[in-house]
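Trainee: Quick one, fold the following:
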Amino acid sequence: MAGFYALGSSSEIEVALGAYVGYGDSVWAILHNLAELCDMHEGNWENFISSCAVRHFFNLNDNTTLEYLSKLFGQKSVPTYQNSPTGMMLSGATARPLITPDELRRFSANNIFTLIDQKPVTFFKKMPYYEVLEEGKDFDRNPYL
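Mentor: Sure, this is the predicted structure:
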């Protein structure tokens, strides 16, 4: 099976993302990183990403993907304090990324970040299929042991 990047830029895929959804069809594009998508769809790559209902990210290593996701995941407020005669007092708050690119890179080694529609980002621990317990299912042992 050819990888998505090997298919190259295709207007049919762009049409499929927007038009075919109404017919219950899905496009599952699997990429190594966002740099591949930027290369394939230059000025339209963010439309490609935003048209996806489910986005999974894991094993993140390139700056383009790390910086994009850090910004996409948003910011949080960190309280700041100052000394006063009565002790530490809240003096305000500063914004910081919810997760920095470096934190994303390290954390993605064992986790999958998932965005579903407009819901907040969540993450799941990566688990081999044979460690996933599912009622009524019996998985083969690890074939690599």
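Trainee: Surely Thr65 forms part of a helix?
Mentor: Yes: under DSSP: H, G, I helix; E, B strand; the rest coil, Thr65 sits within a helix.
Trainee: could we number from 19 for the rest of this?
Mentor: Noted, 19 is the first residue going forward, which turns the last one into Thr83.
Trainee: right, and it touches Leu49 too?
Mentor: No: taking contacts as CB atoms under 8 Å, Thr83 lies outside contact range of Leu49: 9.1 Å. Placement of C-beta: from N, CA and C, glycine included.
Trainee: So which of the two has more stuff around it?
Mentor: Thr83 (23 against 16; other CB atoms under 10 Å).
Trainee: Can you check the pLDDT for the more buried one?
Mentor: For Thr83, the model assigns a pLDDT of 93.
Trainee: residues in contact with it?
Mentor: 51-53, 75 (CB atoms under 8 Å, 6 or more residues apart in numbering).
Trainee: Show me those that map onto strands.
Mentor: Among these, the residues falling in strands (DSSP state E) are Phe75.
Trainee: Name the residue most distant from the centre of this protein?
Mentor: In the chain, the residue that sits farthest from the middle, by CA atoms, centre = their mean, is Pro103; the gap is 46.1 Å.
Trainee: Now it: phi and psi?
Mentor: Phi and psi for Pro103, reported as degrees, to the nearest 10, are phi -60, psi -30.
Trainee: Then Ser109?
Mentor: Here Ser109 shows phi and psi, under degrees, to the nearest 10, equal to phi -110, psi -10.
Trainee: mind listing what it touches?
Mentor: 98-100.
Trainee: helix/strand/coil for Tyr99?
Mentor: strand.
Trainee: dump the residue contacts of it.
Mentor: 106-109.
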